[in-house]
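S.K.: curious how this folds, go ahead:
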Amino acid sequence: MKILSLGHSSYLLEMTPGGGKPVRILADPWLSDYLIGDLMGRFPRIRIEPHALQPIHGIYLSHSHTDHLDPYSLLKLRQALDPSPTLLLPESLEHLEPLLGEYLPEMEIILLRQERETDFHGLKLGAFFNPELSATNEDDVMILTVETEEEVFLAEGDALMPLYDPATRRELAGRFGRAGVRTACFLTVKNEGDSTMNMLSAKDRQQRQELLGDNLEAAYAEVFDIYNALDDDPDELWGNPGLVRLITGQGICFPQELNADYNRILFPIRLEDRVRMEREVAAQFDSRHSIEELIPGRLHELSDGKLQSRSLAEEVTLLDEEKERHFDPESDLARSFPATPLLDEPRSADAQRARIAACLQERFLPWLIGARTPPLEHLLAAGKGEYRIRMRFGTSGSFEETDYLLSFARLSFHAVEASGKPDEAYWANDIEDVLDGKADEFSLCCREPLEARAQRLWRCLGLPYLNNDLIETKLRLHFERAARGETVDSWAKPYWLREES
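M.R.: Numbers count the residues shown, from 1 in each chain. Prediction:
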């Protein structure tokens with residue numbers, strides 16, 4: 001088994017079925033310097049010529065977030081690869097099949113369905129949904145499995161399986177410990193984004209120091225839950241000496257070419273730290289598996305239950321070195337983002353009012369009632385019988401505000417005069433841009449949010465199954481741009497340049 005890390009969550013997997021030739025699957029190709037969804041940059045930046053990766057038999061897209069499903073990268077691959085690879089889609093993305101077929105017509109599409117085995121050039125492919133029941137913005141992720149008689153590969157992706165659950169551990173232990181398996185790989189994406197975005201929210205050095213301690217404590221608590229013995233019996237999952245747990249990360253960062261100094265304060269917990277923490281805690285519970293870092297730009301070869309080698313890949317050029325983002329808690333660099341909408345431009349307030357009212361009533365209210373985190377009656381009671389969302393119509397230079405009120409007396413959002421402190425507050429332009437596919441849940445990283453207690457509406461708009469139409473609208477917009485020869489840089493960079501101006 002060979003795994004070439006292309007940075008972030010992207011990798012090229014090579015496995016050889018018995019008596020066959022090597023089969024190569026490229027997962028979640030995001031090859032750009034910018035992210036069209038949250039506008040952030042990536043670390044490390046890479047340069048790669050897709051034809052140098054050939055042959056590629058399949059491209060797996062784990063879910064719809066644009067650091068995993070990037071139209072610009074997909075069109076670039078389509079143009080460079082001959083023959084065209086097969087698109088391997090989790091059935092959670094079946095609604096995107098017409099769109100992908102329109103822009104990638106040469107690529108056959110195979111849908112991977114829940115716990116159904118698919119033969120792919122002699123490999124056994126499988127996929128299943130994260131057994132965790134709580135709703136997240138990653139609910140369309142399916143966990144990928146690839147198997148031969150002697151090897152098992154499982155990519156958790158952004159799903160983050162509940163390893164504190166005995167049934168989950170037993171299922172994984174049975175899969176990795178199947179008779180005949182000599183090497184098993186559990187690839188996990190430990191999202192650096194949580195600690196990174198927390199650091200981005202710090203306004204000064206003092207707040208950054210406080211958040212650092214909180215992040216380390218939370219990370220150790222998560223690792224302890226992963227390895228903590230659940231009963232008195234030996235842990236069959238972590239007691240497997242033929243299991244390699246590979247840890248990769250999501251190097252989303254402040255765009256390097258704009259101000260690389262920001263990356264000195266954004267990564268308090270890097271991959272090498274996470275590997276060290278897991279090894280430390282796993283040793284306390286006498287685990288027998290190995291824990292390794294999946295390093296960008298390196299080819300990792302696994303056999304006989306171990307990582308046998310890690311070598312530089314000639315196909316990949318890294319533009320950034322890990323030392324360039326070593327965390328500096330003493331930095332005086334302070335966040336100073338503008339308090340404006342992402343696109344600070346005048347628009348029709350009347351048209352926005354109609355769209356936002358419909359969104360609140362038809363999309364947000366059903367979610368708010370169904371989510372029950374907390375129950376709606378508790379939410380209203382905590383607000384003395386009402387819940388207030390404020391919309392700011394206009395630009396940073398000239399705007400007016402309207403509140404949308406939900407109450408026990410009237411269980412529907414209705415416009416009222418703005419007063420008091422709102423529970424949530426947004427620029428109308430930003431909400432409209434999400435509805436038009438020009439922004440998404442993560443897009444406010446380069447703007448100062450309006451002061452409020454919560455961002456439930458914003459979070460609701462990022463949930464995939466409530467918003468498949470918004471996902472398709474966003475992806476279509478960027479497929480159209482990519483087909484015209486426009487780049488992701490020309491999309492994302494102006495948002496940051498507006499800030500600097």
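S.K.: tell me the contacts of the residue nearest to residue 400 when sequence neighbours are not counted?
M.R.: When the adjacent residues along the chain are set aside, residue 400 lies closest to residue 393, with 5.5 Å between them (Cβ to Cβ, 6 or more residues apart in numbering). The way it works is simple: take the backbone N, C-alpha and C, and place the C-beta from them, glycine included. Shown in contact with residue 393 (Cβ atoms under 8 Å, 6 or more residues apart in numbering): 349, 352, 353, 399, 400, 401, 402, 428.
S.K.: so where's the protein uncertain?
M.R.: 191-194, 197, 232, 335, 498-501 (pLDDT under 70).
S.K.: in the lengthiest helix in it, what counts as buried?
M.R.: Looking across the chain with DSSP state H, the single longest helix is helix 205-227. Of the residues in helix 205-227, 205, 208, 211, 212, 215, 219, 222, 223, 226, 227 count as buried by neighbour count, 16 or more other Cβ atoms under 10 Å.
S.K.: what residues does it touch?
M.R.: With Cβ under 8 Å, 6+ apart as the criterion, helix 205-227 contacts 163-164, 194-195, 198-199, 201-202, 238, 265, 268-269, 274, 277-278, 281-282, 284-285, 287, 329-332, 334.
S.K.: picking up where we left off before, measure the residue nearest to residue 400 to residue 380 for me?
M.R.: 25 Å (Cβ to Cβ, to the nearest Å).
S.K.: do a quick rundown of the strands in the stretch 1-150 of the chain.
M.R.: Using DSSP state E, counting those that start in this stretch, the strands of the stretch 1-150 of the chain run over residues 2-5, 11-15, 23-27, 41-42, 46-48, 58-60, 86-90, 109-112, 118-120, 123-129, 142-147.
S.K.: which strands or helices does the first one pack on?
M.R.: What it means is strand 2-5. If contacts are counted by 3 or more Cβ pairs under 8 Å, 6 or more residues apart in numbering; DSSP states H and E, strand 2-5 sits against strand 11-15, strand 298-303.
S.K.: now find how far off-centre that strand is within its chain.
M.R.: From the chain centre to the centre of strand 2-5 is a distance of 20 Å (Cα atoms, centre = their mean, to the nearest Å).
S.K.: would you indicate which residues of that strand are buried?
M.R.: Buried residues in strand 2-5, defined by neighbour count with 16+ other Cβ under 10 Å: 2, 3, 4, 5.
S.K.: can I get the residues you listed in TSV including distance to residue 136?
M.R.: Formatted as TSV, these follow (distance: Cβ to Cβ, whole Å):
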residue	distance to residue 136
2	31
3	26
4	29
5	25
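S.K.: and the furthest pair within those residues?
M.R.: 2 and 5 (10.9 Å; Cβ to Cβ).
S.K.: element containing residue 412?
M.R.: Assessed by DSSP states H and E, residue 412 sits outside every helix and strand.
S.K.: surely it meets residue 362?
M.R.: No - in this structure, residue 412 is not within contact of residue 362 by Cβ atoms under 8 Å, at 10.4 Å.
S.K.: and the nearest residue to residue 43 once chain neighbours are set aside, how far from residue 351?
M.R.: Distances taken as Cβ to Cβ, 6+ apart put residue 251 closest to residue 43, at 3.7 Å, once the chain neighbours are dropped. Separation of residue 251 from residue 351 (Cβ to Cβ): 39 Å.
S.K.: on that earlier part again, which ones among the contacts of helix 205-227 map onto strands?
M.R.: Judged by DSSP state E, the contacts of helix 205-227 include no members of strands.
S.K.: tell me the SS of the residue lying closest to residue 382 once chain neighbours are set aside?
M.R.: Sequence neighbours aside, residue 374 is the residue nearest to residue 382 in space, at 8.0 Å (criterion: Cβ to Cβ, 6+ apart). Here residue 374 is recorded as coil under DSSP: H, G, I helix; E, B strand; the rest coil.
S.K.: quick check: buried residues in stretch 397-407?
M.R.: In stretch 397-407, counting by 16+ other Cβ under 10 Å, buried: 399, 401, 402, 403, 404, 405, 406, 407.
S.K.: and those, which is closest to residue 35?
M.R.: residue 399 (28.2 Å).
S.K.: what does the helix or strand harbouring the closest one rub up against?
M.R.: Assigned by DSSP H and E, residue 399 belongs to strand 398-407. Residues outside strand 398-407 that contact it (Cβ under 8 Å, 6+ apart): 346, 349, 353, 356-357, 360, 365, 368, 380, 385-394, 412-419, 422.
S.K.: write a PyMOL command that selects only the buried members of these.
M.R.: Buried residues within the contacts of strand 398-407, by 16+ other Cβ under 10 Å, are selected in PyMOL with:
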select buried, resi 349+353+356+357+360+365+368+380+386+387+388+389+390+391+392+393+394+413+418+422
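S.K.: among the contacts of strand 398-407, which are in strands?
M.R.: Those of those lying in strands (DSSP E): 386-394, 414-417.
S.K.: still on that earlier bit, how far is the longest helix of the chain from where the chain is centred?
M.R.: 20 Å.
S.K.: do the same with stretch 366-374
M.R.: Remark: stretch 366-374 is offset 23 Å from the chain centroid, using Cα atoms, centre = their mean.
S.K.: mind listing what's buried along that stretch?
M.R.: 367, 368, 371.
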